[in-house]
Structure formats: C-alpha cells, structure tokens
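[1] dropping a prediction and its sequence here:
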Amino acid sequence: MNVYFDIVRFSFLRFFAYPFEIFATTLKRVFEIAFLIIFWTIYIKNSGATLSIYQITAYFLIAMGVADLTMARWGALSSMIGNQIKSGGISNYIIKPTKLIPTLYAIAIGRNGMRLVLAVINIMIGFLLMPPKSIFTLTVFVLFFINAWAISFAYNILEGSLYLHFTDASGIRNSLQNFIRLLTGTMVPLFMFPSPLKEILRFTPFPSMVYLAANSISSNLIPQDVFMDLGIGVFWTITLNLVAFTFWNYSMKKYEAVGI
Amino acid sequence: MKLLEFKQEISHRLDIFKASCVFAFRKEIAYSGNNWARIISTTAYTLSMLLFVNIIFANTKEIAGYSHNEMLLYFLLGQLTYYTNWSFSMNNLYDLISDVNKGNLDMVLMRPVPALFYLTTRNIGGFNMIADGLPPSLAIIYAINWSALNLDPTNVIYGFFIYIFGSIALHVFQFLAAIPVFWLGESENIVDLAGFIGSGSGSMIPLEGFSRSFQIVFGTIIPVLIATAFSASAMLGKTNSLFLFLWAFIIAIASIMVRNVAWKFAIKNYTSASS
C-alpha cells in the first residue's frame, strides 16, 4: 500500500515545480464559482424560486467538490488510462511489480492533487454555508459519497477501456463527459429537471455520481427516499464495477506493444 | 518608397499566412477518425447545453431580460466565439508556450519572418473550426425561432463588428496570459484560466446580468465580455449598439498596442542556451 502513497506523493510534488500554475488553477476555480453564483442569483431573481442563494451556492460547491474528488467530472483516471494507452506508456506500468489500475489511479490522484485539495475546500465551504442539519444528514452524505466514488470509479475504468478499442477515444470521452456533467447534476440540480425526465433519471446511475451527495446537505431528507436512492446506488455500484472490470480484462487482452 | 515597402511587407505576411494555413490544414486532416470524434464531442456539448437552456427556461420566462430565443442567440454567439478563439488564438498560444518551455523559440527567432506575426498565425485550424463548429452551430440555428427575435439589420452589422473587435481583444488578453512563460518557464494553466474566463464559465450570463462595475472590468481590463455579451446585446438592441461599437473599437486598438509592447518586453527578457 505504501508504494501507492509514494506514487501519489511523487506525482503531486511534480506540480509544485511551477507555483504560478497552482495559483492559476486556484483562480480558475474561484472564477468558476463566481460565475455560477452570478448566474444562479440572476436565475433565482427571475424565476421566483424558493431556493436561497446560500442553498444553491452550497449545492454547487459540494457538487463540484464531490465530482472532482470522485473523478466523475472530467474523469482524471480515464484520462490517465487513455493517455498511457495512446502513448504506449502503459507498457512501463505493466512490467512493474505493482498492480496496474491502482498505480494509474495513484498517479491520477497525484497529478490532480491541487484539484482534489480545492475540492475538499469546496465541500468545507459548502458545509459552512449549509451546515448538515443532523448526524443523520451527515451519515447520508458519507454513504452517498462512497456510492458516488464507487460508481465514478467504474465509469472511469469503462471510459478508459475504450482507448484499447479506438485509436483515439478522446472525442467519445468528451461527448460522454458533456452529458455526464448535465445528467449528474453538476450543471443543474436534478430537482429542477422537468417531469418525467427527473423520475426516469432517478433509476439510472447518474444521480448517485454527484447529485444525491450534494443535495443531501442542502435539502430536507425523507428516510424512505434516502433508502430507495441508496438501494439504487448500491445496485449500480455492483453492476457497473462488475461490467467495468470484465470489460477492462477483455480489452487488455487486445493490447499489443513492442516487447509485451 | 515607403508605400512600396509597406506593400512588400503585407505581401510577405500574406505568403507566411498562406503557407501556415496549408500546413495547419494538412495536420488537421491527418487523423480523420479523430476529426469525427471531435465533431461528435462538440455536437454532444451543444445538445447538452440546449437541454440545459430548456431546463432553465422550463422554470422561468427570462434570464436578465433575455427570453428563451434570445438566450439561444447568445449561446450561438458564445459558441462562435469559442470556435474562432480556439482556432485563431489558443492553438498558437499553446504552441508558443511549448516552444519557450522547450527552447524551440530560438529556431523561430532565427527565421527571416516577422516573429510575432508568425507565432500568432502559424497554426490556424480553419478546417477543424468549420468541421467542429458547423454541425453544432446548425443545431442551435435550427433551435432558434428567428421570427420571434427582434433583429434590426443595423444592430446586426454593429454586432458583427463588435464580435470581431471583441475577438481581437480576447486574443490579446490570452496572449498576455501566455507571456509569463518567458520568465516562469511555464504558463499553460494561466492561459487555461484566460481561455476559461473568456469562453467558458461566463458564457451563459448576458451583459445585462452583470453589475455595472463587472461590465466595466470584463469589458476593459479583462475584455472577455465584448465578443459574445456585447455583440449579443447590440444585435438584440438591448444596449445602444453605436456606443458598444465604439467601446469595442477603442479596446481592440488599445489591445493591439499593448500586445506589441508586451511582446517587445518579453523578447528582451528571453534567455536560452543560445541567446
């Protein structure tokens, strides 16, 4: 296990060679949040929605934090897998005495370390704006977060496996990412979706990737709905991880490189 | 004599521009599979954004005074800004950063070409701009109910010029974000930030949605609102189009002057193994 922590540390430290780049990444996040707040302030003013600006800001801060931490947004792991397959660099990791997926995952965490740190800060500010109402709310958030992480992990593996079948799957990956952003609630909270779209979406894996965790803090929870959503999430966690690893193992058999 | 020299200079630059375009075109069509994938990606983005606009307008009639159709026109202009900005500006800036970072800029500076002009025009992805941008733009054009828009031809012409001036100002803003590479050795994330502010995160907030102070800041020092927000507002007649035209024109001229000064300053401070 220590070796993976070392990989994370090493990959993360590379980023510190250029401190201004860290500053730019942080500033980018500040602008992203500022524009979101401006847009949703205008929206609330115009639509007469019952939401408060604190509620919607907390929602987006937590949603962005969850999406980045679980790699549901912009799929850092799938991007890492894809780049290594395209460049042939994956051969270097196959011959090393470490497990392939955990190694690539550790590198992805390290290289996106700054984004993950900002994600944690996002969630903390979200919690400050909209503190969890009870221990139950906090527990539900943690459970939804674990669910989100597991589903996003499977999604990243599935997306990364595509690179073993196409010369360059970046276009397909970007297409999927655009829809993922919308359907997971990172762009618009799913409760704003029109019926029956939101009812249909409830039974898909998308709400479990971001929305449920983010919304659990800023809304009133009904225990029956929580258990139902958790059940759906667990179902997708198991199904998608089984599918993802089966597909990954099948796809890796197709990988060809000099010396392998 | 001066006129003759000027004509020769223009002709020389046109030759460089033509050669760069041909080279960029050959690069762009080298991987046809990737081009198809890019078209799928941009179309998917547009469809997801159209869905986003529909969801937003299912709960409200207007955003900052913009109706559903007006917001779609705003989105169309935002997309056009994005495609032209990436093709004309961002690609070249990333190449410039890479050249300075790896020391390849020496090779460019040795060539008998006007360096700044060459560096900012050598990789204009015209083919990708059209191939990636056309299908999604057509989808947005199809989604707009044009008869419901109150478009005055004079305002549209003003809007068109504001769009061009805004694109120039946006390019200079991003160019200034790339310049720190001469001192720091890397500025990719700074350019990312400039690109993000310019054509990403703010693209769904119309001009009228910003407070007066934000309008001034994002219309002058950080001129990211001009290409999309100013031109949409002018075309739809929401703000005096002549006023916005003059504003955009002054900022564009000032931007070009700032770019030349910044380039001279940066090149004076450029150090490498052979310079």
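    That came through fine.
[2] how about residue 36, nearest residue that isn't a chain neighbour?
    By default, I'm working from chain A. Once its chain neighbours are removed from consideration, residue A:36 has its nearest residue in residue A:60; the separation is 5.1 Å (CB to CB, 6 or more residues apart in numbering or on different chains). C-beta: built from backbone N, CA, C; applies to glycine.
[3] my bad, the chain I had in mind was chain B
    residue A:171 (7.0 Å).
[4] related to what we said a few turns ago, wait, isn't the residue nearest to residue A:36 in contact with residue A:34?
    No: because the distance of 11.2 Å does not satisfy CB atoms under 8 Å, residue A:60 is recorded as not touching residue A:34.
[5] of those two, give the one with the bigger neighbour count.
    For residue A:60 and residue A:34, the more surrounded residue by other CB atoms under 10 Å in any protein chain shown is residue A:60, and the numbers stand at 25 against 14.
[6] what sits against that one?
    A:33, A:36, A:37, A:40, A:214 (CB atoms under 8 Å, 6 or more residues apart in numbering or on different chains).
[7] secondary structure element for it?
    In this assignment (DSSP states H and E), residue A:60 forms part of helix A:53-69.
[8] so, low pLDDT: which residues of the stretch 151-275 of chain B?
    Judged by pLDDT under 70, the stretch 151-275 of chain B has its weakly predicted residues at B:199-203, B:273-275.
[9] quick one: name the residues of it near chain A.
    B:180, B:184-190, B:192-193, B:196-197, B:201-202, B:204-205, B:209-210, B:214 (CB under 8 Å from any CB of the partner chain).
[10] out of those residues, which sit inside strands?
    Cross-referencing those with the strands (criterion: DSSP state E) gives no overlap at all.
[11] buried ones among these?
    For these, a burial check counting by 16 or more other CB atoms under 10 Å in any protein chain shown picks out B:180, B:186-190, B:192-193, B:196-197, B:201-202, B:204-205, B:209-210, B:214.
[12] and residue 139, what pLDDT?
    Went with chain A since none was named. The per-residue pLDDT reported for residue A:139 equals 92.
[13] that's the wrong chain, I wanted chain B
    Per-residue confidence (pLDDT) for residue B:139: 89.
[14] and what about it, helix, strand or coil?
    The three-state label for residue B:139, taken from DSSP: H, G, I helix; E, B strand; the rest coil, comes out as helix.
[15] list the contacts of it.
    With contact set as CB under 8 Å, 6+ apart, residue B:139 has these partners: B:43, B:46, B:47, B:50.
[16] where does chain B get nearest to chain A, residue-wise?
    For chain B, the residue closest to chain A is residue B:37, as judged by CB to the nearest CB, at 2.1 Å.
[17] apart from its neighbours in sequence, what residue is nearest that residue?
    Residue nearest to residue B:37 in three dimensions, not counting chain neighbours: residue A:171, with 2.1 Å by CB to CB, 6+ apart.
[18] residues near the one you found, how many?
    For residue A:171, the number of neighbouring residues by other CB under 10 Å comes to 21.
[19] tell me the spacing between it and residue A:181.
    With the distance defined as CB to CB, to the nearest Å, residue A:171 ends up 16 Å from residue A:181.
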